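*Asks:* The following comprises the amino acid sequence and a computationally predicted model.
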Amino acid sequence: MRQFYLGFTRFFLFSFVLVAQFSFAQTQQKFTISGYILDKDNGETLLGANVYDKSSMKGAVTNEYGFYSLTLPAGNYTITVSYIGYNPVDTNITLNSDIRLNVDIQTEAKFTKEVVVASERKDRNVSSTEMGTVELQMEQVKAIPVVFGEQDILKTIQLLPGVQSSGEGNSSFYVRGGGPDQNLILLDEAVVYNPGHLFGFFSVFNSDALKSTTLIKGGIPASYGGRLSSVLDISMKDGNSKQYELEGGIGLISSRFTAQGPIVRDKSSFMISARRTYIDLLLMPILPRIQDGEFDGNSYNFYDLNTKINYKFSDKDRLYLSGYFGRDVFRFNSPTDDFNVRIPWGNATATLRWNHLFSDKLFMNTSAIFNDFKFRFESQFSGFEFNLYSGIRDFNFKTDFDYYPNTRHKMQFGVNYTYHIFTPYTANYRSDDTEFSNDSLNRKYAHEFAAYVQDEFDIFKKLRVNVGLRASTFTQVGPFVEYILDEENRPIDTIGYSRSEGIKTYWGLEPRVNVRYSITPDISVKGSVTMGNQYIHLVTNATTTLPTDLWVPSSKIVKPQVGILYAAGYFHNFKNNMFEASVEGYYKKLKNQIEFGQSYVPELDLDVEQSFVFGEGWSYGTEFFLNKKEGKLTGWLGYTLSYTRRKFPDLNKGNTFPARYDRRHDAVAVATYEINKKWKVSATFVYGTGQALTLPTGRYFIEGRIVNQYEERNAYRMEPYHRMDVGAIYTIHRKERFQNELVFSIYNVYNRRNPFFIYFNADGNISEGTVEVQAKQVSLFSILPSITWNFKWVK
Amino acid sequence: MLFEYLNQAVKKPGQILMVRSKLLPIAAVSCLLSFYSCTTNITVDLPDPKEQIVIEGYIEQDAAPYVLLTRNSPFFGNIDLNDVEQYLVHDAIVTVTDGIATDTLKETCLTVTAGDRTFTVCFYVAQNMKGALNTRYDLRVEAEGKVLTASAVIPDLLALDSLYYEPHDNTDADSLVQLVAKYTDPDTFGNYIRFYTQRNSESMYPAFAFDDRFFNGETLTFPIQRAEDPDADYDADTYGYFWKGDTAIVKWTAITKATYDFWNTLDYETNSGGPFGSATVIKSNVTGGLGIWGGYAAFYDTLYIPK
């Protein structure tokens, strides 16, 4: 691997030299067209819009702030701007100097007459070097039915090949055999550490507040780092800069409300979006009456708030400030005594961004980002008080440059620094005369730094490459007290580290290469190699993801995870790009994977690292994808065949075992059909091989208790998971100023009892010889109809 | 069922100290589950385990060591203590040595009465040897073509400072009291305790095991929950409490790390399950088999709770 690594780096440096030579070889007089592509109705910048010269088809794609730059030889051009779901716009220009061209485009839905001119540049699936990359349109997300009728991007991405749900109704996901911590989930560039409400049944992302979502599951560009398996990059709406807009929805268990509008027209706008569940309010009157009041005293709710403002100083400078705040709160007040528990948890993020245009060819974004995830457990019982806290907090500063030297090249480079504060577990216990706290035991601090450069360019017309190199370092720093333990894990000595004193540093080079070879304009083959280092880790002991799962940094004991992904694919578009088809194969190798030891018991008084064991993993598979993007019927079919394995010296007697993420077959069908202007119907079907889990094979007695004996790890498979959902959207009004609609959905239409977990129930009396052990399977959601009313009002 | 876990966890502030983090969210989910979940009986096809001998061996100061030898069995099937015979390992050669003297334990069978039933249990008991504090004992078992070995240490005694009771915090439940212990931990790390409680002439039941890393060298007071027969029906109102008029006995044993690891993983494994559970492999100190050979430095404290 090391040798490969060096060879790869050399190849990479060589190709950069090549690039430089290509760049300087050009002499013809050239000028640059640059600007922003905006939505005509609300002034939102559009990311991923195509801007190209109609005759030569040379073009550019807008970056995540809607900026593009296209350099062409002097001459006359028809510049076309196209974007999915929008009507293309042609602009004739005479290029004899650098031109600023901002283009407003309008959604297709707004047009009353038939649109004849179809956009000609919809072949990005085939023409780009990107692999395993999907941009989700929010309109598409909103049309797909999910549980409780709550629109949810995380549930939607789980319908893509290579992406698996981590469990029934769970918003956390696994990509190509990687763990849930190997997904970089960004909301306006801020890392979201825990993407789920209510143990993952709902995602923290309120889709009304979102503008775009991009999932990258392979060939991750060098501009992203710190995670091995995928990037989910989500942007919030900037806020309508033209007119005021109110939007909302009332659902079965939650409601949403969003307001946006100009502060100074075309210069500054705001967006604020809130959501809250009323599970607690609905259940309050019922709880004491069910199951003899067994659930009395419980209450739960979640809420979240997204907000964003921006200000355009000039065409060259723009400032954005955005934030997210979400909380889940569980309460238990014992109806019989004074015992009470309060468990709040959630994320908070804040992002301040400054876009600056140094020239028509050089775009910069600088961001200062704060993010925080915390979990608290507070309990009281007759004078005894016990509190638990865990969390992670980051201060992040990054600068990214987009440089467009000419049409052949698109370069990006930047730096990224993060200060992490990890609090895996802080516990304190207080009674009348006693007080304990392990406050200082676990808290860890770290600096993470990365710099990257990447270039996308044509080597020759049919061969396009994207090469990138990312260098990253991670240092755990003080204050920290390191306990030197003896073989019984008893502390025998301590080493104190002062503030900012380095404890352990890791670094790594992460070369990335994506190559695309066009066979015909409709067919291409692509390949990519991606290396990555991941310095922070999520370790879970449960079979599902929980807010109690711990994020831990690399340290003296915990080494960074290293991953390398090889992927190759065949991409084919049919019928004038109406259909996209692809087959991708991958092999992923993961080093320094972390699990809890096989005899792990949570202990508050031990640094959690002491309970870890380390090993390696690998995954390989093939993904088939057929996507129909246009017409009355849209949707996709996906199928994945994959194998995911782990090998740990201290688990399963050192033998290879299937990872929890191992899923042999995974199939998805998604269809949306527009019957008429009033009705739109949709259906999804998913099938997945049963989850691997460890079940006992034997038992024995200790002190008259029955004890389970475990042998092979993850040797048992649950029943396969499959489910069909249907939905319908009925548009009540679709007027210029006011729109409203009813969304009907039925989750799990044929009432499949999918396994959520398995437990064993021993019934009877042990001394009477009547004890029978019965395996029981718990299913979560049976058939579940729901209805939501959505509205939008524009002033 | 899930909810019982939480109730047990939350009813035990003493145990919250050793908090089982995975129990915390269960109540919230169970609340949701109860509305939408359904449970079905399924058939699970499991392979038979490798046949192994299980040691349950105890050595206490001033008492003869004894060992119960049983066999593991496939996971499914009826469990019948009347038929305990099928699990017992007979005719084993069991020896314990303290490095100087070696004792060969003798198989001794007892007739045990539980309710209206009687059954026979056979132990291996030392003839001459008695345990002593701060001493190591090596066990060797030879049976059915297998050889099992383990070693145990009886550590130094750890005593409670005092045992007292407090009234129930709910004045309506005035017949119940909460037992409270005061304990001063020695100023060295690595003290491990397993304790048991007994109410009047009922059997003594184990509570749980813990270590002192969290409160090394400190004096602490904490509630002692009345331990119950694990098969007893759970009663939320009386769980953990003693009654006025009771004689409460607390057996407070100092154990080694290996013994602690065994009981700690065993307690955790038998209490966990569901979507938040994991398969915990019990840490055994036995080579060549399963189970525990443990040394216990036992301290007893008795408290009469007046009417």
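*Replies:* Received the coordinates, thanks.
*Asks:* Run through the stretch 51-200 of chain B and note the low-pLDDT ranges.
*Replies:* Residue ranges of the stretch 51-200 of chain B with pLDDT under 70: B:78-83, B:114-115.
*Asks:* Please enumerate the strands of it.
*Replies:* B:53-60, B:66-71, B:73-74, B:93-97, B:102-114, B:117-125, B:135-143, B:146-154, B:160-167, B:176-184, B:192-199 (DSSP state E, counting those that start in this stretch).
*Asks:* who wins for proximity to A:Thr336 among those?
*Replies:* With C-beta to C-beta as the measure, strand B:176-184 is the member of the strands of the stretch 51-200 of chain B nearest A:Thr336 (11.6 Å). In short, each C-beta sits where N, CA and C put it, glycine included.
*Asks:* Check what contacts that closest one and list those residues.
*Replies:* Contacting residues not belonging to strand B:176-184 are listed as A:382, B:158, B:160-169, B:197, B:218-226, B:238, B:240-244, B:248, B:250, B:252, B:301, B:303, B:305 [C-beta atoms under 8 Å, 6 or more residues apart in numbering or on different chains].
*Asks:* what comes up buried for that strand?
*Replies:* Within strand B:176-184, the residues that qualify as buried by neighbour count (16 or more other C-beta atoms under 10 Å in any protein chain shown) are B:Leu176, B:Val177, B:Gln178, B:Leu179, B:Val180, B:Ala181, B:Tyr183.
*Asks:* cool, stretch B:215-227 as well?
*Replies:* Buried residues in stretch B:215-227 (16+ other C-beta under 10 Å): B:Phe215, B:Asn216, B:Leu220, B:Thr221, B:Phe222, B:Pro223, B:Ile224, B:Gln225, B:Arg226, B:Ala227.
*Asks:* how about the third one, what does it touch?
*Replies:* This means B:Leu220. When contacts are taken as C-beta under 8 Å, 6+ apart, B:Leu220 is in contact with A:Ser431, A:Thr434, A:Phe436, B:Lys182, B:Tyr183, B:Asp185.
*Asks:* Quick check: bridge partners of it?
*Replies:* Beta-bridge partners of B:Leu220, counted by DSSP bridges, are B:Tyr183.
*Asks:* show me where the chain has helices.
*Replies:* If you meant another chain, say so; for now it's chain A. For chain A, the helices defined by DSSP state H cover A:2-25, A:124-127, A:138-143, A:153-157, A:279-283, A:439-442.
*Asks:* Chain B is the one I meant
*Replies:* Taking DSSP H to define them, one finds helices in chain B at B:2-10, B:13-16, B:26-36, B:257-271.
*Asks:* Output the contacting helices and strands for the last one.
*Replies:* This means helix B:257-271. With contacts defined as 3 or more C-beta pairs under 8 Å, 6 or more residues apart in numbering or on different chains; DSSP states H and E, the secondary structure elements packing on helix B:257-271 are strand A:705-709, strand B:192-199, strand B:204-211, strand B:290-304.
*Asks:* That helix to strand B:53-60, inter-axis angle?
*Replies:* Helix B:257-271 and strand B:53-60 are oriented at 120 degrees to each other (axes from the mean of the first three to the mean of the last three C-alpha atoms, to 10 degrees).
*Asks:* And the average pLDDT for helix B:257-271 is what?
*Replies:* Here helix B:257-271 scores 89 as its mean pLDDT.
*Asks:* Can you give the contact residues for that helix?
*Replies:* Residues lying outside helix B:257-271 but in contact with it, judged by C-beta under 8 Å, 6+ apart, are A:488-490, A:599, A:601, A:702, A:705-708, B:5, B:8, B:20, B:152, B:190, B:192, B:194, B:206, B:208-211, B:230, B:255, B:279-285, B:292, B:294-296.
*Asks:* Now with 7 Å, please.
*Replies:* Applying C-beta atoms under 7 Å, 6 or more residues apart in numbering or on different chains, the contact partners of helix B:257-271 are A:488, A:599, A:601, A:702, A:705, A:707-708, B:5, B:20, B:152, B:190, B:192, B:194, B:208-209, B:211, B:280, B:282-285, B:292, B:294-295.
*Asks:* returning to that earlier point: out of the helices and strands packed on helix B:257-271, which gets nearest to A:Asp233?
*Replies:* The closest approach between A:Asp233 and any of the helices and strands packed on helix B:257-271, judged by C-beta to C-beta, belongs to strand A:705-709 at 43.6 Å.
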